[in-house]
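# Sequence first, predicted model second:
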Amino acid sequence: MNPAPIGVFDSGLGGLSVLREIRALLPHESLLYLADSRYAPYGEKPERFVEARTLQVCEWLAAQGCKALVIACNTATMHAVQTLRDRLTLPIIGVEPGLKPAAAASRSKVVGVLATANTLKSAKFNRLLMSLQDESRFVCEAGLGLVPLIEQGDVSGPAVRDKLDAFLTPMLEAGADTLVLGCTHYPFLAETIRAMVGDQLALVDTGSAIARQLARKLVEFDLAAGPDAMPRDRCLSTKDAAHLRAMAAALLQVETNAETVTIEPAPAV
Ligand code: DGL
């Protein structure tokens, strides 16, 4: 039985969509959530910055005594998961856009993929895309500007809807019937997307698959907390704890303690 916390990391608030799934599946585990909101969005920063900053933040989380890490950020996973696994000894669970389940579920065999510019550029994403070329056609759009709006708490306003309209229209015109939410911020847009496109697009989000993968790793490495553990969650932000607390309440309907932390200096790249 291991009561140490599981670190859950994202560039900002998006990882809360993964945290929600982990909390539901693993009620005995303590979670340490870190939002690097001071440096969000990662999806539009130089790729070398994403790799170096992810490494810096995850080393910091490991030093806080985490027994496993969930990189609840597609962009950070795409650019840094291999380096993290080479450098850190604890189990690391990454996220990647759900192209595979989407290709399997699509009837039209045209799948829309909404992800950050850096995810779409990454070698790891493009390898995944190539491996599924025979199963489906993928129409990929970089969700430029969406993450900063979600970070401010806007998940349904006119700016969000205008952007979504521009990103989803080419997918629908190409015949897509399935949409991969390839950034952990985007599940918070699910309601708005459904209101805009109805059942024209089935939404694919990997949050629950990540929680199941984490559960398997905890068993494999004998790290589970056990049924008598008293879970204690902490939410940390590198920018503004009050904002993180308010956003967790608004997006997840949960009351959480939040603290502001400094993890500096950010790498100069
Ligand atoms: N939530 C992140 C992802 O899953 C990245 C958002 C960002 O910082 O651009 O890709």
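Here it is on my side, so go on.

# part of a helix, is F9?
No: applying DSSP: H, G, I helix; E, B strand; the rest coil, one finds F9 to be strand, outside a helix.

# Count the residues that sit near it.
F9: 25 surrounding residues under other C-beta atoms under 10 Å. All C-beta atoms are positioned from the backbone trio N, CA, C, and that covers glycine.

# Just the pLDDT for it.
pLDDT recorded at F9 is 97.

# For it, which residues count as its bridge partners?
Going by DSSP bridges, F9 is paired in beta bridges with L34, I71.

# For it, give its distance to the ligand.
10 Å (C-beta to the nearest ligand atom, to the nearest Å).

# L16 now?
On the measure of C-beta to the nearest ligand atom, L16 and the ligand end up 10 Å apart.

# wait, doesn't that residue sit right on A249?
No: contact between L16 and A249 fails when scored by C-beta atoms under 8 Å: they sit 10.6 Å apart.

# which other helices and strands contact the helix or strand that contains R216?
Secondary structure from DSSP states H and E places R216 in helix 207-220. Counting contacts by 3 or more C-beta pairs under 8 Å, 6 or more residues apart in numbering; DSSP states H and E, helix 207-220 packs against helix 16-25, strand 68-71, strand 92-93.

# give me that answer again for 10 Å
strand 6-10, helix 16-25, strand 68-71, strand 92-93 (3 or more C-beta pairs under 10 Å, 6 or more residues apart in numbering; DSSP states H and E).

# Highest mean neighbour count out of those?
With neighbours taken as mean count of other C-beta atoms under 10 Å, the helices and strands packed on helix 207-220 reach their highest mean count in strand 6-10, at a mean of 28.
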